[in-house]
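> sequence below, structure please.
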Amino acid sequence: MATDPTIRPHQSDTDTDTDPLLPPPLPYYYSSSSDPNSYILIPSYPILCLRLRRRRNLCLTSCSFCFVSLLSSLLFLLLLFSLVLLLWPSDPAIHVTHLHLKHLHISPPPRTSFDLTLKLNLNVRNPDFFALDYRSVVSSVSYRGRYLGSVESAGGRVAARGESNLQAELRLNGAKIVDELVYLIEDLTKGSVPFDTVTEVEGSLGLIFAEIPVKGNISCSLNVNPKTRSIVRQDCYPE
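Numbering: from 1, shown residues only. As a prediction, the model looks like this:
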């Protein structure tokens, strides 16, 4: 019986598959489809959420900017309105501090006339932040709605937010009354003759760019006793 002189060693499956000197082989990934036009779909909701978040941040920024702009505009308008109210020119305030009847003479009919001298002490207050230059002080007197006469006094100056005392003397000589003769006889019988006076102060406020005219009026109703030549009642009020 003949034998094979070449003896081959036994090789195990482990020796044939791996080599201890080499790293292990990488795993193989197989595609379930061999179609070259196939795609791998990735969910898009993370990108959508990122876009929504950016859009929301942009909207919040825009709304905040609009709110700040609106608030700034309202504050500016409020400040401007307050400044206009503060600096807007106002008419001077006039008060009668004293009335003094210096002379009164009433001529009997048929030549019914008045001789009257009335002295007024006035207080003029300037409420504005600019000086007041008044050109004149005009005082007029009337009897039962009938104009008798007027007098004009010299002007002057009132400081800003200041006061000034003025004097005006009203003189009437021979002011005739015909239509009101019946009322005059009745008033003389009662011992009280009513008169109405109106005092007007006209001037202007000197601003930086212009002069604004202002005017203040005050009216007084008074009753005079013709026998004692005294004022028995007076009531003054600004117009």
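
> state the distance from the residue nearest in space to the middle of the chain to residue 228.
Note on the chain: the residue nearest the mean C-alpha position is residue 81, at 3.2 Å, using CA atoms, centre = their mean. Residue 81 sits at a distance of 55 Å from residue 228 (criterion: CB to CB, to the nearest Å). No exception for glycine: its C-beta is placed from N, CA and C like everyone else's.

> please enumerate the helices of the protein.
13-17, 45-87, 181-190 (DSSP state H).

> shouldn't residue 104 be in contact with residue 143?
No - using CB atoms under 8 Å, residue 104 is not in contact with residue 143; the gap is 11.8 Å.

> wait, residue 116 sits on residue 139?
No - counting by CB under 8 Å, residue 139 is not a contact partner of residue 116; they are 11.6 Å apart.

> mind listing the shared neighbours of these two?
residue 170 (CB atoms under 8 Å, 6 or more residues apart in numbering).

> where in this protein is pLDDT low?
Across the chain, the ranges flagged by pLDDT under 70 are 1-60, 84-85, 208.

> before we move on, back to that, where do the contact lists of residue 104 and residue 143 overlap?
With CB under 8 Å, 6+ apart as the test, residue 104 and residue 143 both reach residue 114.

> all strands of this protein, in order?
Assigned by DSSP state E, the chain shows strands spanning 93-107, 113-125, 132-143, 146-158, 163-176, 193-206, 211-225, 230-238.

> ok, the residue nearest to the centre of the chain - contacts?
Counting by CB under 8 Å, 6+ apart, residue 81 has no contacts.

> likewise residue 226?
Counting by CB under 8 Å, 6+ apart, residue 226 has contacts 104, 106, 188, 191, 193.

> for it, what are phi and psi?
With angles defined as degrees, to the nearest 10, residue 226 sits at phi -70, psi -20.

> give the contact list for residue 165.
Residue 165 makes contacts with 97, 121-124, as judged by CB under 8 Å, 6+ apart.

> also residue 188?
Counted by CB under 8 Å, 6+ apart, residue 188 has contacts 106, 226.

> between the contacts of residue 226, which is nearest residue 158?
residue 104 (31.8 Å; CB to CB).

> residues contacting the closest residue to the closest one other than its chain neighbours?
Once flanking residues are discounted, residue 104 sits nearest to residue 229: 4.9 Å by CB to CB, 6 or more residues apart in numbering. Counting by CB under 8 Å, 6+ apart, residue 229 makes contact with 101, 103-104.

> CSV for these, including neighbour count?
As requested, these are arranged in CSV below (neighbours: other CB atoms under 10 Å):
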residue, neighbour count
101, 17
103, 13
104, 20
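
> care to break the chain down by domain?
Annotated domains of the chain cover 40-88, 93-238 [automatic domain parsing].
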